[in-house]
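A.B. asks: Just a sequence and a predicted model for now, questions to come.
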Amino acid sequence: MVDAATRRLQIQERMTDDIIRPIVEVLDPEGAAVVVEAEHLCMTARGVAKAAARFITSRQLGCLSADTGRGQAFLNLVTGGRTGGGIGTV
């Protein structure tokens with residue numbers, strides 16, 4: 001699923017959603033979460049020329065929703081507690 005979702009140019013938030021959607025549709029879990037950390041080539045290769053322009057996006061559903069205790073614990077675990085700029089939920 002990740003390979004299929006990353007083959008075309010798109011925004012990272014949509015790609016994160018494209019990864020989780022089939023998981024939820026096929027498996028019908030009580031909760032699901034996908035966290036994507038990616039380098040934005042548009043910022044590193046041209047224009048802004050910022051080295052290591054990495055951003056994290058997440059999509060959390062059901063019992064792992066970002067607004068639940070489990071969801072927040074999951075997000076803290078996989079992001080190492082990093083918050084603020086560069087991390088966003090879809």
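C.D. replies: Received it, and whenever you're ready, just let me know what you need. Remember, it's a predicted structure, so these values are computed and weren't measured experimentally.
A.B. asks: switch to C-alpha atoms for all contacts and neighbour counts from now on
C.D. replies: OK.
A.B. asks: Sketch out the low-pLDDT regions of the chain for me.
C.D. replies: Along the chain, the parts satisfying pLDDT under 70 run over 41-52, 82-90.
A.B. asks: Would you map the helices across it?
C.D. replies: Using DSSP state H, the helices of the chain run over residues 2-6, 12-27, 41-44, 69-79.
A.B. asks: Any figure for the gap between Ala4 and Thr79?
C.D. replies: 24 Å (CA to CA, to the nearest Å).
A.B. asks: Between those two, which is the more surrounded one?
C.D. replies: A direct count of neighbours by other CA atoms under 10 Å for Ala4 and Thr79 places Thr79 higher, at 15 against 10.
A.B. asks: can you pull the contacts of the more buried one?
C.D. replies: With contact set as CA atoms under 8 Å, 6 or more residues apart in numbering, Thr79 has no partners.
A.B. asks: at 10 Å what do you get?
C.D. replies: 35-37, 56, 58, 87 (CA atoms under 10 Å, 6 or more residues apart in numbering).
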